[in-house]
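> Could you work out the structure for the sequence below:
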Amino acid sequence: MAQADPSGRGPVPVPLRVAGPAGGARRRGRGPLRVVLAMLLTALVAGGAVPYVAGPGRAYLSYLVLAERADPDGAGRAAQEARAAGGQVVQEYPQIGAVLAYAAGGFAERVRGRPGVAAVGATRTSPVPGPPRSVDGAGDFRTGTDGGDRAGGPRGPGGGDGGDDSTATVADPGERDAWNLALLGVADTAPGPPRAPDAPGAAALRKVLVAVLDSGVDDTHPDLRAAVDPKSSASCADGRPDARTGSWRPDSGVGESGHGTHVAGIVGAARDGHGVSGVAPGVRIAAVRLLGPLGQYYAENIVCGLLWAADHGARAINNSYFADPWKYNCPDDPDQAALTAAVGRAVDYARRRGAVVVASAGNDAQDLGAVRTDERSPNDRTTGAPQSRSLGPECVRLPGELPGVVTVTAVDRDGRPSAYTNHGRGRVSLAAPGGDPDGGSQGAVVSDWPGGRYAALAGTSMAAAHVTGAVAVAAALHPDWDSDRLAALLATTADAACPPGPHACADHEYAGAGALVLPR
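Numbering: from 1, shown residues only. You can find the predicted model right below:
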């Protein structure tokens, strides 16, 4: 199961909660099938039905197969070559010319180099007994289908940038002391309607759809009941779009399941005098659950989520996590290169469809443009220790370091870069409120938590959610603008005049274009 990760997946825990083991890494390995079955039995007891079809004593990995053509014909070619090599195709992604296939060992080597195939990569390192079970409602990207951050701290195995379910909750804040909104230039943070005369009204924001790709969103929360759009929401927890009613809700049996609800509250919680107010109250939210039953954000989940959100008209897509099983993906590894290419194609598709893709920079306090160490990967292992990898700047965090992604660092209540935030000149786009895990509920960001509750978390996950809300405001003000123009507006209105210090917002290494200011 996913755990809190002080090194950077999710939020950084605040001391007001009883946190799970910080930075604890899951073990994995390619051990005997009985290890895999034991792991899946644990998933059954903790979080629902085992999601895989058991094969005849075989162990399977999942693979993304990318054709040279990034279109439906390419997807057909990828499926043909995957089947010819013994793979079972469980999902096609015609938008980007790729398929998801399950196969036993040696599959990637058999498919690489076949005519029309551009790349093949294993998306996991620990095998499962077989492909995922069939699901009614899965496999359809059509629109209109019905269906690490911590309590103040970073995420853990499983790629979120947020808290786990040991997070302590706080009392209903009644929309008071919204320091995070004040940092965006919102003068009036008291409960009540429109914060500023020139802010877009609820009617304009209601026309805007944003997607929260995360651990799931509790749409029964009072702050989010009117925000979450069921017709635009789904689960992509196994790489296939599942639009059954409630599929987008968090699975309480999986760690970090409350993270997506917290992020969604920052983006668009109702402004009604209770709970918290989002950056864009009134916006519609497509809740897309990526976190799977084994506590991972695999590349196929991310691809599925990005395509679903884009095809349903999202103007902003929030990604507060990093891809599993590799914290950073390096181009000299054929598996990791294929995952980077697949997620990159999905990002490009979403941007062409009009969505601004927003991502957290991570909570490792690392310079993304320098040599750094990865002590966690692969984080889906079931046995053995993680590899200690010394990585260069060519190894990237997905999806935050992909071209065209708005990558967000975190600042604290005083507007200074948070100690945990990743950074890097030319690697980050904007800074936004992320909070301080050592500042208690007053220093972290308070937002929604499943079950009608509230929690205080800190992390770049929280920062990214503020930017996603700001994109929604920009889209409401400028409904005809494309994704590049909306992103450029946030960059040009960003405030470079932050508090003095060694890492002021004028330092592009820590804030990119500067500190986020709500568009007017």
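> Any stretches of this structure with poor pLDDT?
Scanning the chain for pLDDT under 70 picks out 1-57, 136-140, 142-166, 187-199, 496-507.
> Let me see the contact set for the most centrally placed residue in it.
Nearest to the geometric centre of the chain sits Asn319, at 3.1 Å (C-alpha atoms, centre = their mean). Contacts for Asn319 (C-beta atoms under 8 Å, 6 or more residues apart in numbering) come out as Leu213, Ile302, Val357, Val358, Ala359, Ser360, Pro399, Gly400, Val405, Ala464. Heads up, the C-betas are built off the backbone N, CA and C, glycines and all.
> now swap in Cys304 and tell me
Here Cys304 is in contact with Gln91, Tyr93, Cys236, Gly239, Arg240, Pro241, Leu290 (C-beta under 8 Å, 6+ apart).
> In strands only, show me these.
Gln91, Tyr93 (DSSP state E).
> Run through the strands of the stretch 401-520 of the chain in chain order.
406-411, 430-433, 445-449, 453-457 (DSSP state E, counting those that start in this stretch).
> quick one, which of those strands is nearest to Val343?
The closest of the strands of the stretch 401-520 of the chain to Val343 is strand 406-411. By C-beta to C-beta, the value is 13.8 Å.
> now the angle from the closest one to strand 445-449?
Relative orientation of strand 406-411 versus strand 445-449 (axes from the mean of the first three to the mean of the last three C-alpha atoms, to 10 degrees): 120 degrees.
> Name all residues that make contact with the closest residue to Leu306 other than its chain neighbours.
The spatially closest residue to Leu306, leaving aside those adjacent along the chain, is Ala346, at 3.9 Å (C-beta to C-beta, 6 or more residues apart in numbering). Taking C-beta under 8 Å, 6+ apart as the criterion, Ala346 is in contact with Tyr93, Gln95, Ile96, Ile302, Val303, Leu306, Leu307.
> most neighbours, which of these?
Highest neighbour count within the contacts of Ala346, by other C-beta atoms under 10 Å: Leu306, with 33 neighbours.
> any idea whether it is helix, strand or coil?
Following DSSP: H, G, I helix; E, B strand; the rest coil, we place Leu306 in the helix state.
> in terms of contact, does it touch Phe141 like I think?
No - contact status for Leu306 versus Phe141: not in contact, 10.9 Å apart, counting by C-beta atoms under 8 Å.
> Which members of the contacts of Asn319 are the farthest-apart pair?
Applying C-beta to C-beta across the contacts of Asn319, the maximum distance is between Ile302 and Ala464, 14.4 Å.
> can you pull the contacts of the nearest residue to Gly292 once chain neighbours are set aside?
In space, Gly292 comes closest to Ala237 once its chain neighbours are excluded; the distance is 4.3 Å by C-beta to C-beta, 6+ apart. Ala237 is in contact with Arg289, Leu290, Leu291, Gly292, Pro293, Asn301, counting by C-beta under 8 Å, 6+ apart.
> try 10 Å
The contact partners of Ala237, by C-beta atoms under 10 Å, 6 or more residues apart in numbering, come to 51, 132, 135, 215-216, 247-248, 251, 254, 288-294, 296-298, 301, 304-305.
> what's the answer for Gly451, then?
Thr169, Asp218, Thr220, His221, Pro250, Ser252, Gly258, Thr261 are the contacts of Gly451 under C-beta under 10 Å, 6+ apart.
> Adding distance to Thr373, write these out as CSV.
Putting the contacts of Gly451 into CSV (distance: C-beta to C-beta, whole Å) gives the following:
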residue, distance to Thr373
Thr169, 35
Asp218, 36
Thr220, 42
His221, 38
Pro250, 32
Ser252, 34
Gly258, 30
Thr261, 32
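> For my notes, confirm the residue nearest to Leu306 occurs in a helix.
Yes - assessed by three-state DSSP, Ala346 belongs to a helix.
> any idea how far the closest residue to His312 other than its chain neighbours is from Val446?
Closest residue to His312 apart from its sequence neighbours, by C-beta to C-beta, 6+ apart: Ser232 at 4.4 Å. From Ser232 across to Val446, the span is 27 Å (C-beta to C-beta, to the nearest Å).
> Neighbour count for those two, which is higher?
Val446 (30 against 26).
> picking up where we left off before, most neighbours among the contacts of Gly451, which one?
Thr261 (32 neighbours).
> Compute the inter-axis angle for the helix or strand harbouring that one and strand 453-457.
Assigned by DSSP states H and E, Thr261 falls within helix 259-268. Relative orientation of helix 259-268 versus strand 453-457 (the same axes, to 10 degrees): 90 degrees.
> From the contact counts, what lies against helix 259-268?
strand 209-214, strand 284-289, strand 316-319, strand 445-449, strand 453-457, helix 460-477 (3 or more C-beta pairs under 10 Å, 6 or more residues apart in numbering; DSSP states H and E).
> Tell me which of the ones you listed sits nearest to Ser390.
Closest among the helices and strands packed on helix 259-268, using C-beta to C-beta: helix 460-477, at 23.0 Å.
> Now do the contacts for Ser447.
Contacts of Ser447 by C-beta under 10 Å, 6+ apart are 173, 180, 223, 261-267, 269, 275-278, 454-457, 462, 465.
> Could you check how far it is from Gly185?
Separation of Ser447 from Gly185 (C-beta to C-beta) stands at 19 Å.
> So which residues of the stretch 51-200 of the chain form helices?
72-84, 107-111, 179-183 (DSSP state H, counting those that start in this stretch).
> Would you mind writing the CA trace of the longest one as CSV?
It refers to helix 72-84. Taking Å, rounded to 0.1, in the frame of the first residue of the first chain, the C-alpha atoms of helix 72-84 are listed here in CSV:
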residue,chain,number,x,y,z
PRO,A,72,-6.0,5.0,-34.2
ASP,A,73,-4.2,3.1,-37.0
GLY,A,74,-1.1,3.1,-34.8
ALA,A,75,-3.0,1.7,-31.9
GLY,A,76,-4.3,-1.1,-34.2
ARG,A,77,-0.8,-1.9,-35.3
ALA,A,78,0.5,-1.9,-31.7
ALA,A,79,-2.3,-4.3,-30.8
GLN,A,80,-1.5,-6.6,-33.7
GLU,A,81,2.2,-6.8,-32.8
ALA,A,82,1.4,-7.3,-29.1
ARG,A,83,-0.9,-10.2,-29.8
ALA,A,84,1.6,-11.8,-32.2
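> Which parts of it count as buried, going by neighbours?
Gly74, Ala75, Gly76, Arg77, Ala78, Ala79, Gln80, Glu81, Ala82 (16 or more other C-beta atoms under 10 Å).
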